[in-house]
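Asks: Fold the following.
(chains A, B and C)
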Amino acid sequence: MEFTASQIASFIDGQIIGDESTVITGVSPIENGESGHLSFIAQDRFSHFLDTSKCSVIIVSEKLIDKDNYNPTLIVVKDAYLSFQILMNLYQEMQGRKEGIETGSSIHDTAVIGEKVYIGAFTYVSEKAKIGEGSQIYPHVYIGKGVKIGKNCKIDSGARIYDYCIIGDNCVIHSNTVVGGDGFGFQHTAEGFKKIPQLGNVIIEDDVEIGSNCSIDRATIGSTIIGKGTKIDNLIQIAHNVKIGQNNVIAAQAGIAGSTTIGDWNQIGGQVGVVGHIKIGNQVKIQAQSGVNSNVSDRDTLYGSPAINYNDYLRNYVHFRNFTEIVRRINNLEDTSKDKTNE
Amino acid sequence: MEFTASQIASFIDGQIIGDESTVITGVSPIENGESGHLSFIAQDRFSHFLDTSKCSVIIVSEKLIDKDNYNPTLIVVKDAYLSFQILMNLYQEMQGRKEGIETGSSIHDTAVIGEKVYIGAFTYVSEKAKIGEGSQIYPHVYIGKGVKIGKNCKIDSGARIYDYCIIGDNCVIHSNTVVGGDGFGFQHTAEGFKKIPQLGNVIIEDDVEIGSNCSIDRATIGSTIIGKGTKIDNLIQIAHNVKIGQNNVIAAQAGIAGSTTIGDWNQIGGQVGVVGHIKIGNQVKIQAQSGVNSNVSDRDTLYGSPAINYNDYLRNYVHFRNFTEIVRRINNLEDTSKDKTNE
Amino acid sequence: MEFTASQIASFIDGQIIGDESTVITGVSPIENGESGHLSFIAQDRFSHFLDTSKCSVIIVSEKLIDKDNYNPTLIVVKDAYLSFQILMNLYQEMQGRKEGIETGSSIHDTAVIGEKVYIGAFTYVSEKAKIGEGSQIYPHVYIGKGVKIGKNCKIDSGARIYDYCIIGDNCVIHSNTVVGGDGFGFQHTAEGFKKIPQLGNVIIEDDVEIGSNCSIDRATIGSTIIGKGTKIDNLIQIAHNVKIGQNNVIAAQAGIAGSTTIGDWNQIGGQVGVVGHIKIGNQVKIQAQSGVNSNVSDRDTLYGSPAINYNDYLRNYVHFRNFTEIVRRINNLEDTSKDKTNE
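Replies: Predicted coordinates for the structure are as follows:
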């Protein structure tokens, strides 16, 4: 990364105050600015950094400017937060997608590889797998038989995509996530547990992002489904035959047990557990660490294990925190009552 | 997968109603049948699908047949669920085990590889490791020094088996699971924590299945043990020196802390935490998300954090849900008591 | 491992009772001694094993010796626990660091590899990465662009270190841990969630150990930081922009949400969740499974979800366990009160 203030200003249509030839080589948060770095100020409460920051170039919202001349070079725009986001997206695109098949990958003759695909060294592509145009498969990825990956996906190093799973367009799957491992299904017998074959697959629709170290199990029969636009954080368990709708956000270390159905636009907090075979509606919010064990209606907000209404939980928890005092009050009432009875 | 109805009927000794030459190429759950697919109906509540399913062939329990002629081709058996399981197992076996050493694997000269073993590309087998007859080691697996793997095991892509660990026969270890990483042991000193060498190993007995992304730590000295027939789901932590008995089922994201001993035939729910240095008996059930912090007797059922008797927890939790109302009742009692005192 | 009793005695300056030529080939915990193995006894309650253990050689604290002649060969020292630790550390060092670049690794021309480095087969080192003297990078590791790894580190098989992350000296990163995956940042829009580029990095200071299957996300801008001497167990989530100080111990399956700051010498239990954007002081203890949702002062001890003072939680939980009885007492009080009102 190396840009001049005037280059940056041209990307985001900003006005320069100061030296337009100032060069930046990195980006800092404004609280920890470094010389030679770019940052931004969009809120009044950070505007004191306009004078004190060590950053060399700062993008700033025009409403925060009240003099002619500052220590760092400023780039003045209408909304500094928005301009900074645009800039970061541009930068990420400029870094360029990787392209080409690296030496040392292992690709089956019957696999179909689209144009402008990147396949890293030590990646293994099994028979009849298809990888769509522009997708980037980093090193050490395992792609099973008959897997289909759409266009412009990014599959990070060490991800495993098992046989016959299907991934849509524009998906991101981070490192060491396993898509399509066997569901956890065993039949109880007197001699022990007998494995029930897991013959279904996983379908991941377009625009899904899945974090690192997740386990998304294949269905027993049929499909485990992650709907369009859903975003899944790290270390998450999605069991066999779960169906997740569109545009959900699921935070780290949550787990969804088998055959549960989840609608659209839900927010599921970190370390939440959801039991199997239930139905969660739409626009539901589930507080971190909650345990959901029954169906959930649209727009409910839940907390606790087992989870109940969020406000009820908080209200009851206030009493839990006072429990020792409450029991003291009951003791007093009993004492008073005894006194009365004996009087 | 491509079979005719008559081939399938011959595998499971069924009677055909309809066209015995109907071809199926896949399997569907009955609720989401697809043309060209096979499914099964074993329960009365699904029998309406006999007429409406899009599936081309349906295996059906004989008691559900009440006419001569149906839309799909039927295969009539005594117990459709059982026959379907038999069929799925047959199918999985027919798919054939992989065999042979793929180009691009790295196998030490002193490693001993049994007959009919499969070793995938990019798998690394260290010195003096032994892999038993018929075992399948997928690509990207790391096998440390002196590791012993039994017969007919399946080790999935990206699993890591560290030095001197021992795995029995017929075990399945899914992708990205780490067996034999260092236990978490440090000595507190004024300058910081000093690593305690972890010189033991992990012993996994016969017929064990371990899901993906699990961490099974090696013992400090001696062995961490997973007993025969125990089944472990995904993303599970088993700390150093834990001993787990036979035929346990442990659900996803549970964690067992160091040196704890667990008996046989226990069921441990998802996201359960068990503290270190305790003893859990046999046939215990621990509800999801519970936190177990003391010894557990045979056949106990537990819930809560810290975990108590399951029914007690549920009963008390009903009161917790009514806590605001309960406090209101106490307020009333105090008001009444005050009135009486003042009257 | 093969040593005589006299070799061992010379390492730890001990006195031999018995046959100094006894050979040991392994180490056992004293409760499960094996013939041909070494163990130790430092506490009176284990001293009966001096006569009954199957171990061939036992290191023993001098205060526990009360006769001239024992079944196993003894090595008598001042503090057997300490001497055993010294021995185990010696042993681990004697096993020798690996050195050299294995065939089948992929190292970019512009990468800078220090002296006495080990790089295993199938490890991928990207452009401009630097690996310090004496570091050992096991097989199947992914090292991104511009990554810097210090001296004498050990990076285990399948770890992923993403672009521009920095790792100090003497660090250990276990298998399948992901350092520098994208933080979980999305902007809500009416059409779905739009990815916010994650352009920062992760900085891991000296003497840090990170267990297996952890996810340490890169900062949005700036750095996610793990401070000197901090030890992190398995399956742990550290979100973007988290700053962790020195000498913390974090147990398995804990998760720290985005931008939270943690001081020094804290102990965080297993499966703990900490929300984002809060500040945890120093020498704090957080009990397993707790959920921390607000700032924590130095030396606090917490428990519960949401977490409160540890002793308060335990006291209140005693009442929770008696809740059914407590409600019965309230019913009685109400009955008595009604009686009085009606009398």
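
Asks: use CA for all of it now, contacts and neighbours both
Replies: Will do.

Asks: Would you mind listing what in the stretch 51-200 of chain A touches chain C?
Replies: Within reach of chain C by CA under 8 Å from any CA of the partner chain, the stretch 51-200 of chain A has these residues: A:85, A:88-89, A:92, A:121-122, A:139-140, A:157-158, A:174-176.

Asks: Which members of the residues you listed are the farthest-apart pair?
Replies: A:85 and A:122 (34.6 Å; CA to CA).

Asks: Comparing these two, which shows the higher neighbour count?
Replies: More crowded of residue A:85 and residue A:122, by other CA atoms under 10 Å in any protein chain shown: residue A:122, with 32 against 13.

Asks: does that one really touch residue C:122, like I thought?
Replies: Yes. Contact status for residue A:122 versus residue C:122: in contact at 6.5 Å, counting by CA atoms under 8 Å.

Asks: shared neighbours of those two, anything?
Replies: Both residue A:122 and residue C:122 are contacted by residue B:122, under the criterion CA atoms under 8 Å, 6 or more residues apart in numbering or on different chains.

Asks: give me every residue that touches the residue in the stretch 151-300 of chain A that chain B sits nearest to.
Replies: Nearest residue of the stretch 151-300 of chain A to chain B (CA to the nearest CA) works out as residue A:222 at 5.3 Å. By CA under 8 Å, 6+ apart, the residues touching residue A:222 are A:199, A:200, A:201, A:241, B:27, B:28, B:29, B:32.

Asks: Which pLDDT value goes with the third one?
Replies: What it means is residue A:201. Note on residue A:201: pLDDT of 95.

Asks: wait, isn't it in contact with residue A:161?
Replies: No. Taking contacts as CA under 8 Å, residue A:201 lies outside contact range of residue A:161: 10.2 Å.

Asks: list residues touching both of the two?
Replies: With CA under 8 Å, 6+ apart as the test, residue A:201 and residue A:161 both reach residue A:180.

Asks: Could you tell me how far stretch A:142-149 lies from the centre of the chain?
Replies: Averaging C-alpha positions (CA atoms, centre = their mean, to the nearest Å) puts stretch A:142-149 23 Å from its chain's average.

Asks: wait, does that stretch contact chain B?
Replies: Yes. Using CA under 8 Å from any CA, stretch A:142-149 reaches chain B at residue A:142.

Asks: now the end-to-end length of that stretch.
Replies: 12 Å (CA to CA, to the nearest Å).

Asks: Please list the residues outside that stretch that contact it.
Replies: Applying CA under 8 Å, 6+ apart, the set of residues contacting stretch A:142-149 is A:123-132, A:135, A:158-169, B:139, B:157.

Asks: Residue A:213 and residue A:232 touch, don't they?
Replies: No. The pair residue A:213 / residue A:232 is not scored as a contact, 11.0 Å apart, by CA under 8 Å.

Asks: which of these two has more neighbours?
Replies: Under the neighbour definition other CA under 10 Å, residue A:213 and residue A:232 were set side by side, and residue A:213 has more, 33 against 27.

Asks: Next, the contact list for the closest residue to the more buried one other than its chain neighbours, please.
Replies: Excluding the flanking residues, the one nearest residue A:213 by CA to CA, 6 or more residues apart in numbering or on different chains is residue A:177, at 4.4 Å. Residue A:177 sits next to A:158, A:159, A:160, A:210, A:211, A:212, A:213, A:214, A:215, A:216 when contact means CA under 8 Å, 6+ apart.

Asks: Return the residues of the stretch 51-200 of chain A in contact with chain B.
Replies: Within the stretch 51-200 of chain A, the positions lying close to chain B (CA under 8 Å from any CA) are A:106, A:122, A:124, A:140, A:142, A:158, A:160, A:176, A:178, A:181-182, A:184, A:192-193, A:196-197, A:199.

Asks: Please compute how far the longest helix seen in chain A lies from its chain's middle.
Replies: Ranked by residue count, the top helix of chain A under DSSP state H comes out as helix A:323-342. Helix A:323-342 sits 52 Å away from the centroid of its parent chain (CA atoms, centre = their mean).

Asks: Also stretch A:195-207?
Replies: Centroid displacement of stretch A:195-207 relative to its chain, using CA atoms, centre = their mean, is 20 Å.

Asks: And for stretch A:61-79?
Replies: In terms of CA atoms, centre = their mean, the centre of stretch A:61-79 is set 34 Å apart from its chain centre.

Asks: list the buried ones in it?
Replies: Across stretch A:61-79, burial judged by 16 or more other CA atoms under 10 Å in any protein chain shown covers A:61, A:62, A:64, A:71, A:72, A:73, A:74, A:75, A:76, A:77, A:79.

Asks: What does the second one show for phi and psi?
Replies: It refers to residue A:62. The phi/psi pair for residue A:62 (degrees, to the nearest 10) reads phi -60, psi -30.

Asks: How confident was the prediction at it?
Replies: 95.

Asks: so who does it touch?
Replies: Residue A:62 neighbours (CA under 8 Å, 6+ apart): A:76, A:77, A:78, A:79.

Asks: Now with 6 Å, please.
Replies: A:76, A:77, A:78 (CA atoms under 6 Å, 6 or more residues apart in numbering or on different chains).

Asks: Okay, and which of those map to strands?
Replies: A:76, A:77 (DSSP state E).

Asks: can I get the contacts of residue A:62 in TSV with pLDDT?
Replies: As requested, these are exported to TSV (pLDDT from 0 to 100):
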residue	pLDDT
A:76	96
A:77	96
A:78	95
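
Asks: What separation do you get for the nearest residue to residue A:86 once chain neighbours are set aside and chain B?
Replies: Of all residues not flanking residue A:86 in the chain, residue A:12 sits nearest, at 7.5 Å (CA to CA, 6+ apart). Distance, residue A:12 to chain B, by CA to the nearest CA, to the nearest Å: 43 Å.

Asks: picking that back up, now the residue nearest to residue A:213. Its backbone dihedrals?
Replies: Phi and psi for residue A:177, reported as degrees, to the nearest 10, are phi -80, psi 140.

Asks: Dump the residues of the stretch 51-200 of chain A next to chain C to a markdown table, plus pLDDT, distance to residue C:251 and secondary structure.
Replies: Compiled in a markdown table, those are given as follows (pLDDT from 0 to 100; distance: CA to CA, whole Å; DSSP: H, G, I helix; E, B strand; the rest coil):
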| residue | pLDDT | distance to residue C:251 | secondary structure |
| --- | --- | --- | --- |
| A:85 | 87 | 36 | helix |
| A:88 | 87 | 35 | helix |
| A:89 | 85 | 36 | helix |
| A:92 | 80 | 35 | helix |
| A:121 | 98 | 35 | coil |
| A:122 | 98 | 33 | coil |
| A:139 | 98 | 30 | coil |
| A:140 | 98 | 29 | coil |
| A:157 | 98 | 26 | coil |
| A:158 | 98 | 25 | coil |
| A:174 | 98 | 24 | coil |
| A:175 | 98 | 22 | coil |
| A:176 | 98 | 21 | coil |
